[in-house]
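Asker: Fold the stuff below for me.
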Amino acid sequence: MAIVPIQLYGDKILTEKSKNVKKVDDELIVKIKNMFDTMRNANGIGLAANQVGYSESIFVIDVTPVEGYEKIKPIVAINPQIVLESDETVFMEEGCLSLPDLRADVERPEKIKIRFIDTDENEVELEAEDLYARVILHEYDHLLGKTFPDRLEYKIRKKLQKELRLITERNLDIDYPVTEK
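Answerer: Down below sits the predicted model:
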């Protein structure tokens, strides 16, 4: 398949809500394969469609490179919906392929339940916790047009303005293909 340039913070598509998939066809399967190739090339563990310029409501996740998560199968979530979030939350450091070199502690629910369709158009319901839940919620946010800085307190986001500007201006070294400014 193909490695697609990743959209960076400041690109308009990252602020747009994704569109529901009406039918899984060959064109969509190619896009999904491209997403996996692109994510793995950039050493990521999750990627939403809008991060590679696609408008569909899809994300892919593969946490198998993470110690302790080797047995969790990669997923393709089409038209995902979060159906349950635990009241217990936890702060954990997050990064993002669309925000290279930027990391921050983000508060998210510890456990979730998500519903989506897979590439065979079967409805799937999945429970996740800890890092796995976090990655799902992070990618789900992308489909809503949000990035993790949107979840940070104002004063923390303000401290990150310089780094966010460098990303927006493409003024940093990135070891995977990204869109041009």
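
Asker: For this structure, just list every one of the strands.
Answerer: 46-48, 58-61, 75-85, 89-96, 99-109, 111-117, 123-129 (DSSP state E).

Asker: How far away from the center of its chain is the fourth one?
Answerer: Think strand 89-96. Centroid separation for strand 89-96 versus its chain: 13 Å, with C-alpha atoms, centre = their mean, to the nearest Å.

Asker: Same question for the shortest one.
Answerer: Per C-alpha atoms, centre = their mean, the displacement of strand 46-48 from the mean C-alpha position of its chain is 3 Å.

Asker: On the pLDDT front, check the residue of the chain positioned farthest from its centre for me.
Answerer: Each residue of the chain has a distance to the centre, and by C-alpha atoms, centre = their mean the biggest one is for Lys155: 24.0 Å. We have a pLDDT of 93 for Lys155.

Asker: ditto for Leu8
Answerer: On the pLDDT scale, Leu8 gets 98.

Asker: Likewise for Ser18?
Answerer: pLDDT at Ser18 comes out at 98.

Asker: need the contact list for it.
Answerer: Contacts for Ser18 (C-beta atoms under 8 Å, 6 or more residues apart in numbering) come out as Ala48, Ala49, Asn50, Ser55, Glu56, Ser57, Ile58, His142, Leu143, Leu144, Gly145. Yep, even glycine has a C-beta here, placed from its N, CA and C like the rest.

Asker: now do 6 Å
Answerer: Contacts were defined as C-beta atoms under 6 Å, 6 or more residues apart in numbering; by that measure Ser18 touches Asn50, Ser57, Leu143.

Asker: could you measure the residue farthest from the centre of the chain against Val4, distance?
Answerer: Using C-beta to C-beta, to the nearest Å, Lys155 is found at 35 Å from Val4.

Asker: same question, Leu102
Answerer: Taken as C-beta to C-beta, the span from Leu102 to Val4 is 21 Å.

Asker: go on, Leu143?
Answerer: Distance from Leu143 to Val4, by C-beta to C-beta: 17 Å.

Asker: more crowded one of the two?
Answerer: Neighbours were counted for Leu143 and for Val4 using other C-beta atoms under 10 Å; Leu143 has more, 23 against 20.

Asker: Send me the longest helix along the chain as PDB with only the CA atoms.
Answerer: The single longest helix within the chain, with elements called by DSSP state H, is helix 26-41. Extracted C-alpha coordinates of helix 26-41, given in PDB (Å, rounded to 0.1, in the frame of the first residue of the first chain):
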ATOM      1  CA  ASP A  26     -12.500  -1.500  -1.900                       C
ATOM      2  CA  GLU A  27     -11.500   2.200  -1.900                       C
ATOM      3  CA  LEU A  28     -12.100   2.400   1.800                       C
ATOM      4  CA  ILE A  29     -10.100  -0.800   2.400                       C
ATOM      5  CA  VAL A  30      -7.100   0.800   0.600                       C
ATOM      6  CA  LYS A  31      -7.400   3.900   2.800                       C
ATOM      7  CA  ILE A  32      -7.400   1.700   5.900                       C
ATOM      8  CA  LYS A  33      -4.300  -0.200   4.700                       C
ATOM      9  CA  ASN A  34      -2.600   3.200   4.000                       C
ATOM     10  CA  MET A  35      -3.500   4.300   7.500                       C
ATOM     11  CA  PHE A  36      -1.900   1.200   9.100                       C
ATOM     12  CA  ASP A  37       1.200   1.600   6.900                       C
ATOM     13  CA  THR A  38       1.500   5.300   7.700                       C
ATOM     14  CA  MET A  39       1.000   4.800  11.400                       C
ATOM     15  CA  ARG A  40       3.600   2.000  11.600                       C
ATOM     16  CA  ASN A  41       6.100   3.900   9.500                       C
END
